[in-house]
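S.K.: Just a sequence and a predicted model for now, questions to come.
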Amino acid sequence: MNRVVLIVDDDPDICWALEHVLRGLGAHCIRALDGQTALQAARRNRLTLALLDAKLPDIDGLELARSIRLAYPRTLVVVISGYYYKDDPAIQAALEQGLINGFIEKPFSHLEVIETVRNALSSQEAA
């Protein structure tokens, strides 16, 4: 994979689990526990992918996705949430508008993370 992935979640254990899965794919992972730290990391690194929790202490995950997408349009964005669900109108609208490239419900399996990341990367390569 050899790509830089930003993992944003206010739960350090979720960050650890996602990093563990993505490192197995050869990704270099950067962690952030809030939106402001995530935006700083996005400015300092050339991100391939950002995995964003939908509910952060300082910003809504979809708003963070919008900020990242506006500043770095080539960065893929996947939202992870225990608050939203796959058929939620806000998630469906974000997918249809191209604001996000994928969605993962919590709790998630390692396989689901791998498949969602691979699908997002495949769609970018096909474009």
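M.R.: The structure has been received and is ready for your questions. The model shown is predicted, which means the values in this text are computed figures rather than measured ones.

S.K.: which residue ranges form the helices in this structure?
M.R.: Applying DSSP state H to the chain gives helices spanning 12-23, 35-44, 61-71, 89-96, 110-126.

S.K.: low-scoring stretches of the chain, by residue?
M.R.: Within the chain, the stretches with pLDDT under 70 are 1-2, 126-127.

S.K.: Now do the contacts for the residue nearest to the spatial centre of it.
M.R.: Note on the chain: the residue nearest the mean C-alpha position is residue 51, at 1.5 Å, using Cα atoms, centre = their mean. Residues in contact with residue 51 (Cβ atoms under 8 Å, 6 or more residues apart in numbering) are 5-9, 18, 78, 80, 104, 117. Any C-beta I mention is one placed from the backbone N, CA and C, and that applies to glycine too.

S.K.: Please report how far the residue nearest to residue 93 when sequence neighbours are not counted lies from residue 124.
M.R.: Closest residue to residue 93 apart from its sequence neighbours, by Cβ to Cβ, 6 or more residues apart in numbering: residue 99 at 7.9 Å. Counting by Cβ to Cβ, to the nearest Å, the gap from residue 99 to residue 124 is 15 Å.
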